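Engineer: Next comes the sequence, and after it the predicted model I'd like to discuss.
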Amino acid sequence: MIEITNPALTFTDLDGSPLDAGSVYIGVAGSDPQTNPKAAFWDAAGTIGVSQPMQTVNGYVVRSGSPAAAYVDGDHSLKVINRRGETVLYAPNAAAAYIALQNTISASVQDQLDNFMAEIGGAVFSFDDVADMRANAVAVAGARATTRVYSTVKAAYEGGAQYYCDIDDTTSADNDGTVIVSADGGRWKLQVYGNLLPARQCGVYGDQTTGQTARVLEVITQARAIGKGVLISGFVLLNEQLVIGVPVYIEFDGADGDGAAYAINSLPQSAFVLPPTHPSGQAGVVVEHPGIWFMRGGIICALDDGHASTRYQYDGISILAHGFRWDSGLVFGVGRTGFRIGSLSGEASTRNSSRTMLTHCRAMWCGDKGFHISDDLGFIDANTFQLNNCIAQRNINQGLYINKSLFGGTIIAFLSEHNGTGLYVEDDCRDVVFLGGDFELNSGPDELGTLDNIVLAGRALYRNKFIGVKYQDNVLTSTSHTLNSPDGLRGTYEPLLIGQTTAGTLAYFNRKGRWAYDGEYLTVSGEFYAYGEVSGNPTGHLAITLPELPGFEGKMYREIDPTTQEFSHGSFSWAKLATIPLPTLPSGGLAPIGHVYLDEYPPRMALYMQTGGTTGLYPVAPTWTSSADAVGILFMARIPISLEAQLA
C-alpha cells in the first residue's frame, strides 16, 4: 500500500489558503479519478474502505471530522477540487510525484544538516554508555558534538544525557560524570539543563544495595564546579557517615510521602538509607558548613522489623553549621535521635548551628528523641532556630527535647503524638517562643505507657513563651485546652515537699504540678508521695512549694495576711481534692488545713492539722514505721494573689 499524501505537502486553494470544504478523488493511474475511481482505504491493511470523494478541512483530509491518512494500492491518479468546483490539483501519476518530492526533501534536509555541522565543525555521535564514549576517539579534530549516553555505571539504572565536546579544554580530568575523556584526549562535557546535576547520571544510582557515600561527595564536588545543585534519585545507601563540608543545594526526586507505605507511614520516593552496620554513636549525615539546603527526601534506617530499634544506635542528622535548611524532610527508624541541632559537649567550639530552619519535617519511629535541640557550647550554638509545622510521631522517648538554647528560637504549629513524652524543656532553655501546635496522646509508640505530653523542668515555663499551644492534660479531666487560657492550667512545675523531723527520714517522689494564673487567682494542683521511717513526734511543718510566676522569679511577692485554708481529709492522709478557701472550718475532729505564705522564698503552702472550732495548729505528723509505708498527697488550691513585686 502507498500512503496518499499531498505532493504539494498541504492541500491549498488556488489563492494559497488552506483548502476548506474541498473534494479529493483517487482514480486509476493515467485516468480522470472522477470518472475512473480506484479503491482507497483508511488503513494500510486495506480493510476500511474510503467513500469518495474525501473531504478537506483547513487543508487536511478528514475522517469523521478529524485529520486522517488514506492509502491506495500502487500508482494512481489524484484530483482535488475546491468548493467552487474549480480544479486545484490534478496528478495522473501521483506515486511518481511522491518519490520525486521525497528525494527533493531528503536532499534539502541533508544540505541543511551538512551546513549546520560545517558551521560548528563536528559530527553527531551516539554511544551506548560512558564506557563506549570513553573508548572511541572524537572523529573530527576540534569537533563540537552532542551525544546521548545511557547508563553511566549500571545498565539497570539508566541516566541518559547529552554531552558536547569542549575543544578548548585539554586538561580536565575524567570524573565519570560531568567530564569524560575520549581515547584521543577529547573532553566530553555533560550538558546540564536546569539548576540540578542528576546524581544518577554521575553514578549514584540509588539501588539501596551498594554503599555510595564517597560517590555522593564526588557528585557534590562536580555540581559545585559547574554551579549546580544535586538531584538525588532512588534510595542511596550510605556505607559510611556522610559529612557535608561545603555549601550545596540537594533536592530529592519525587513527591514527599509518595513512596511505599512502611510501618504505617509513607516514605519519600528518594532518600539516604543507613544500614544496621552503621557505626554506633555516629550520625548518618553531618552538616558542617553554612549554606546547605535539603529539599524533600529523607534519612531512613534499613530496618527489618518496621519499628525503631535500639540495636542501631545512631542519629539521623547532626546539624553543626548555621543556616542549614530542610524542607519536607523525614528521618525514620534510626536508633537514636532523628534531628540533632547543636554541638555535643566537648566538640570543637567553632561549631555554630544557629539559624537552622526545618519546615514540614518529620521524625518518626526513632529509638530516642525525634528532635533534640541543645546548645552544649553555651554561647553561639543551637540558637535562633525555627521549626515550622514539624511532626514527631512514635519516637520512644521525647518527640521534641530542648536543653540549652540561650538566645531563643521559634517553634510554630508543632505536632507531637504517640511519643514517650510529647515535649520536654529543660531549665536551661530560654527565650524560645512556642506558637500554636498540639501535644497529645503521648503514651509511647505502643500507646501503652503513662500519658506524658508536656514536661517543663525547673523554670523553663517562666523563661519561654507559650502562645496558643494545645495539649492533652495529664492531671485534669479536660481532654484538651490551651496554655495561657482561663479554662485550663498553664503548664507544669515540680513542687517540692519541705519538712523536718526529729527522728527518722522523710523522702518523696513522683512530684507533678500544674498551675495557671488569670491575673487574680493562682490555681495550683498536683500530687506527690512521701515515704520513710519516722519515730517520735516530728517538729516543724510540711509545706508544698508554689510556682514562681513569670517575671517574678527570685523576687518577693507582696505580702498578704496568711489565710487559713482547708483541705478535705481522706481515709488516711491528703487524698481528696477540694478548692480553698472555704467559708467556714469544719467542726469536731482533726482536719488538714493550710496557710499560704507568699512572703517567703520559695513561696509555699504549709500543711497543718487543726481541731475544728479552735485556733490551734499542729504540724502534720504522719507516723509510719516501715519504709514500705507511704503517704500520697493530692492537692489543689485557688489562691488570690496581687502581683506587685518588691525588689527586696
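Structural biologist: Happy to help now that I have it.

Engineer: which residues sit against stretch 214-224?
Structural biologist: 175, 177-178, 196-197, 199, 202-204, 229-230, 232, 236, 238, 240, 242, 244, 246-248, 250 (C-beta atoms under 8 Å, 6 or more residues apart in numbering). Just so you know, the C-beta spots here come from the backbone N, C-alpha and C atoms, and that holds for glycine as well.

Engineer: Give me the neighbour count for the closest residue in space to Thr35 that isn't next to it in sequence.
Structural biologist: Sequence neighbours aside, Gly27 is the residue nearest to Thr35 in space, at 7.6 Å (criterion: C-beta to C-beta, 6 or more residues apart in numbering). Counted with other C-beta atoms under 10 Å, residues neighbouring Gly27 total 22.

Engineer: Make sure Gly27 is indeed in a strand.
Structural biologist: Yes. Judged by DSSP: H, G, I helix; E, B strand; the rest coil, Gly27 forms part of a strand.

Engineer: Provide a list of residues in contact with it.
Structural biologist: Contacts of Gly27 (C-beta under 8 Å, 6+ apart): 33-38, 76-79.

Engineer: Counting neighbours, which of these end up buried?
Structural biologist: Neighbour counting over the contacts of Gly27 (16 or more other C-beta atoms under 10 Å) leaves 33-34, 37-38, 76-79 as the buried ones.

Engineer: The nearest residue to Ala173 once chain neighbours are set aside pairs with what?
Structural biologist: Closest residue to Ala173 apart from its sequence neighbours, by C-beta to C-beta, 6+ apart: Val179 at 6.8 Å. When assigned by DSSP bridges, Val179 has beta-bridge partners Lys189.

Engineer: any idea how far Val179 is from Asn388?
Structural biologist: 40 Å (C-beta to C-beta, to the nearest Å).

Engineer: Equivalent analysis for Arg224, please.
Structural biologist: Taking C-beta to C-beta, one finds Arg224 at 28 Å from Asn388.

Engineer: same deal with Gly30?
Structural biologist: From Gly30 over to Asn388 the distance is 80 Å, taken as C-beta to C-beta.

Engineer: Could you do Val130 as well?
Structural biologist: 42 Å.

Engineer: between the two, who's got more neighbours?
Structural biologist: Comparing Val130 with Asn388 by other C-beta under 10 Å, the one with more neighbours is Val130, at 24 against 16.

Engineer: Now the more buried one: phi and psi?
Structural biologist: Backbone torsions for Val130, taken as degrees, to the nearest 10, come to phi -60, psi -40.

Engineer: Val286 against Tyr314, yeah?
Structural biologist: No. Val286 is not in contact with Tyr314 according to C-beta atoms under 8 Å; the separation is 11.0 Å.

Engineer: if we can go back for a sec, who's the residue nearest to Thr35 bridged to?
Structural biologist: Going by DSSP bridges, Gly27 forms beta bridges with Pro37, Ser77.

Engineer: so how many other residues sit close to Val286?
Structural biologist: Counted with other C-beta under 10 Å, Val286 comes out at 18.

Engineer: Oops, could you answer that again for Gln269 instead?
Structural biologist: Based on other C-beta under 10 Å, the number of other residues close to Gln269 is 20.

Engineer: Look at it and report its pLDDT.
Structural biologist: Gln269 carries a pLDDT value of 86.

Engineer: my guess is it meets Asp253, correct?
Structural biologist: Yes. Under the contact definition of C-beta under 8 Å, Gln269 touches Asp253, with a separation of 6.4 Å.

Engineer: how about the residue nearest to Arg83 when sequence neighbours are not counted, what does it touch?
Structural biologist: Nearest residue to Arg83, sequence neighbours excluded (C-beta to C-beta, 6+ apart): Ala21, at 4.2 Å. By C-beta under 8 Å, 6+ apart, Ala21 lies in contact with 55-57, 82-83.

Engineer: where's Ala21 relative to Pro67, distance?
Structural biologist: Taken as C-beta to C-beta, the span from Ala21 to Pro67 is 15 Å.

Engineer: low pLDDT regions in the stretch 401-550 of the chain?
Structural biologist: 406-407, 458-459, 461-462, 471-492, 497-512, 517-521, 526-542, 548-550 (pLDDT under 70).

Engineer: just so I have it, where are all the helices in it?
Structural biologist: For the stretch 401-550 of the chain, applying DSSP state H, counting those that start in this stretch gives helices covering 460-463.

Engineer: Show me which of the contacts of stretch 214-224 are buried.
Structural biologist: 175, 177-178, 196-197, 199, 202-204, 229-230, 232, 236, 238, 242, 244, 248, 250.

Engineer: Cool, thanks, signing off.
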